[in-house]
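Chemist: Pasting the sequence and the predicted coordinates here, then a few questions.
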Amino acid sequence: MPFPADAETFYHRRDHRTNTYGLVDVRYAERSVLITADTRVPTSFAGQVMFVVTCNLLARWCRQVIIAVPDVVLHERFRIRDTLVGTALSTMRDADPFGEFQHQTALGADLHIHLGEECPQLAARSTVVTCAGWLAGVRRRGESGLPMGDGDNPIGAAHAAVLAGAQVFRDALERSELYPPGFIFDALAGAPWIDDTPPEASLPSDLSIGRALMTGAGSVASSALFFGDLFGLRALVDLVDADWTKIENFARSPVFGRTGYGHHKVEVVAKHLVGSGLTVRPITAWWHDAELSPTLEGYDLVLPLANEHGIRWELQNRVPPLMVHASTGRNWNVNFARHIPGRDDCLVDRFEGLHDKPVLACAEGNLAVEGSIAIDAALPFLSFFAGLLVATDLVRLALPDYPRTPNFAHYSFRANRFVPQFDARGPRTGCICQDQGDLFWRLRANTRHAWLSASARH
């Protein structure tokens with residue numbers, strides 16, 4: 001289908017998934033957002049990550065953004081020879097060719113995001129965003145909270161941008177506060193920060209995680225690889241998906257935009273990651289048609305980020321190695337999952353009733369559009385956050401004492417409070433994974449992360 005020639009057609013298609021989600025009305029599209037920053041924020045890699053992710057996420061739903069941030073040379077870890085604001089504007093205009101995205105002196109706007117601590121009063125609602133290492137801070141103007149750090153750890157920065165983006169989207173809908181005053185999130189623990197001292201873990205020097213199979217190249221998968229690249233992960237990734245990039249995809253992925261429209265998703269993602277530590281082999285086929293090893297031989301981990309064609313059941317029957325994934329839910333929520341063979345529950349446990357509606361089904365549900373084509377309702381920040389959780393756990397994988405978090409986490413952005421729920425889930429009695437122990441060791445003993453399953457020997 002030709003790319004839309006007018007804004008009305010474009011927004012009708014791009015925003016349909018957002019507009020049909022529960023508790024959403026179209027007034028968010030009328031809000032303008034102003035971005036400002038302390039002068040020292042753009043000088044660090046973490047500060048630049050916070051800015052770039054903020055702009056990228058905003059462009060997925062906000063049609064008018066004013067950037068009043070000093071322009072500087074982009075950090076070399078971005079692999080792009082450009083300026084900070086120039087890169088952000090290029091990404092935003094690719095995500096939304098009809099949007100009004102401008103770099104100019106601070107003007108009035110409906111909503112305001114300030115990166116740093118010295119927030120001016122420029123709008124009725126200001127969201128103040130800070131980061132320090134693994135920590136992310138989101139608060140209102142006038143509240144005390146996380147001081148802005150000077151390091152180059154980008155993980156807290158990415159979390160700060162996405163969590164703040166959720167609050168700003170709620171502001172556009174005139175909904176109440178999501179976080180408590182002075183909110184701080186600990187990305188290392190995957191939970192609100194409750195300690196008096198910041199996490200001591202630094203980024204590992206070796207962020208190589210081996211060879212991975214990623215099924216699905218949609219919003220969560222592309223987000224996971226986008227953030228994995230920012231974090232410096234190193235891996236060989238076989239990316240399997242036969243789908244094409246559509247305008248409906250622009251609203252919830254940090255990668256898809258005008259330049260990738262009409263191309264296979266796997267090829268667009270692979271091109272985005274050229275030169276990074278993530279070497280992606282695009283496989284333009286559905287899982288059941290892909291010519292891959294039927295025994296998953298050679299893969300150190302599997303990232304199951306697709307739902308179609310009974311893939312979860314098929315993967316678990318092939319006795320997979322370590323699996324990490326996340327999904328967006330029906331009620332402003334995101335679910336994170338990890339499966340260490342022999343220790344945790346498995347895909348069949350987690351998605352009990354695979355032939356019915358999965359317990360952790362992606363998105364809101366199918367909605368018929370344009371004849372027989374079916375799409376899923378979704379919110380932009382949910383897919384960003386789901387992919388971010390996957391990428392963050394893969395960084396933890398390179399740290400000692402993995403896993404550091406429970407194997408299930410539920411994050412809800414709907415209510416007027418942000419209280420994640422966690423659970424350590426073990427295998428269900430009678431599940432097929434309980435009989436896969438011996439076969440796992442025959443097939444996976446030499447995989448990079450098999451040591452995590454040592455308890456499965458007993």
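Modeler: Received the coordinates, thanks.
Chemist: contacting residues for Trp286?
Modeler: 240-242, 308-309 (C-beta atoms under 8 Å, 6 or more residues apart in numbering). All C-beta atoms are positioned from the backbone trio N, CA, C, and that covers glycine.
Chemist: Would you mind measuring from the residue nearest to Arg234 when sequence neighbours are not counted to Ile155?
Modeler: Nearest residue to Arg234 in three dimensions, chain neighbours excluded: Gly277, at 3.7 Å (C-beta to C-beta, 6 or more residues apart in numbering). From Gly277 across to Ile155, the span is 15 Å (C-beta to C-beta, to the nearest Å).
Chemist: who has more neighbours, those two?
Modeler: Ile155 (25 against 15; other C-beta atoms under 10 Å).
Chemist: Spatially nearest residue to that one, not counting backbone neighbours?
Modeler: With C-beta to C-beta, 6+ apart as the criterion, Ile155 has its nearest non-adjacent residue at 5.0 Å, and that residue is Ala187.
Chemist: Could you check how many residues crowd around that neighbour?
Modeler: 26.
Chemist: which ones are touching it?
Modeler: 134-136, 155-156, 158-159, 392.
Chemist: What distance do you get for it to Gln421?
Modeler: Ala187 is 17 Å from Gln421, by C-beta to C-beta.
Chemist: go on, Asp94?
Modeler: In terms of C-beta to C-beta, Asp94 sits 36 Å off from Gln421.
Chemist: And Leu296, by the same measure?
Modeler: 31 Å.
Chemist: need the helices for the stretch 351-458 of the chain, in chain order.
Modeler: For the stretch 351-458 of the chain, applying DSSP state H, counting those that start in this stretch gives helices covering 380-396, 437-444.
Chemist: Could you do the stretch 201-350 of the chain as well?
Modeler: Counting by DSSP H, counting those that start in this stretch, the stretch 201-350 of the chain has helices at residues 219-231, 265-272, 311-317, 347-350.
Chemist: what about the strands in the stretch 51-200 of the chain?
Modeler: 64-68, 100-103, 111-115, 125-132, 135-140, 183-186, 191-192 (DSSP state E, counting those that start in this stretch).
Chemist: Just the buried residues of the fourth one, please?
Modeler: Of the residues in strand 125-132, those buried by neighbour count under the rule 16 or more other C-beta atoms under 10 Å are 125-132.
Chemist: quick revisit: between Leu296 and Gln421, which has more neighbouring residues?
Modeler: Set Leu296 next to Gln421 and count neighbours by other C-beta under 10 Å: Leu296 wins out with 17 against 13.
Chemist: Would you mind saying which of the helices of the stretch 351-458 of the chain lies nearest Ala109?
Modeler: Checking the helices of the stretch 351-458 of the chain against Ala109 by C-beta to C-beta gives helix 380-396 as the closest, at 18.7 Å.
Chemist: Are we agreed that Arg27 is in a helix?
Modeler: Yes: in this structure, Arg27 lies within a helix as judged by DSSP: H, G, I helix; E, B strand; the rest coil.
Chemist: Check the nearest residue to it once chain neighbours are set aside and give its pLDDT.
Modeler: Closest residue to Arg27 apart from its sequence neighbours, by C-beta to C-beta, 6+ apart: Leu173 at 6.8 Å. Listed pLDDT for Leu173 reads 96.
Chemist: likewise Glu364?
Modeler: pLDDT, read off for Glu364, is 40.
Chemist: Cross-check the contact I'm expecting between Asn331 and Leu23.
Modeler: No: using C-beta atoms under 8 Å, Asn331 makes no contact with Leu23, being 9.0 Å away.
Chemist: if you compare the helices of the stretch 201-350 of the chain, which one is most tucked away?
Modeler: Most buried of the helices of the stretch 201-350 of the chain, by mean neighbour count (mean count of other C-beta atoms under 10 Å): helix 219-231, with a mean of 28.
Chemist: pull the CA atoms of that helix into PDB?
Modeler: Output in PDB follows, covering the C-alpha atoms of helix 219-231 (Å, rounded to 0.1, in the frame of the first residue of the first chain):
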ATOM      1  CA  SER A 219       7.500  -3.900  18.700                       C
ATOM      2  CA  VAL A 220       8.800  -5.700  21.800                       C
ATOM      3  CA  ALA A 221      11.600  -7.500  19.900                       C
ATOM      4  CA  SER A 222      12.800  -4.400  18.100                       C
ATOM      5  CA  SER A 223      12.700  -2.500  21.400                       C
ATOM      6  CA  ALA A 224      14.800  -5.200  23.100                       C
ATOM      7  CA  LEU A 225      17.400  -5.000  20.400                       C
ATOM      8  CA  PHE A 226      17.300  -1.200  20.300                       C
ATOM      9  CA  PHE A 227      18.100  -1.000  24.000                       C
ATOM     10  CA  GLY A 228      20.500  -3.900  23.900                       C
ATOM     11  CA  ASP A 229      22.500  -1.900  21.300                       C
ATOM     12  CA  LEU A 230      22.500   1.200  23.500                       C
ATOM     13  CA  PHE A 231      23.700  -0.900  26.500                       C
END
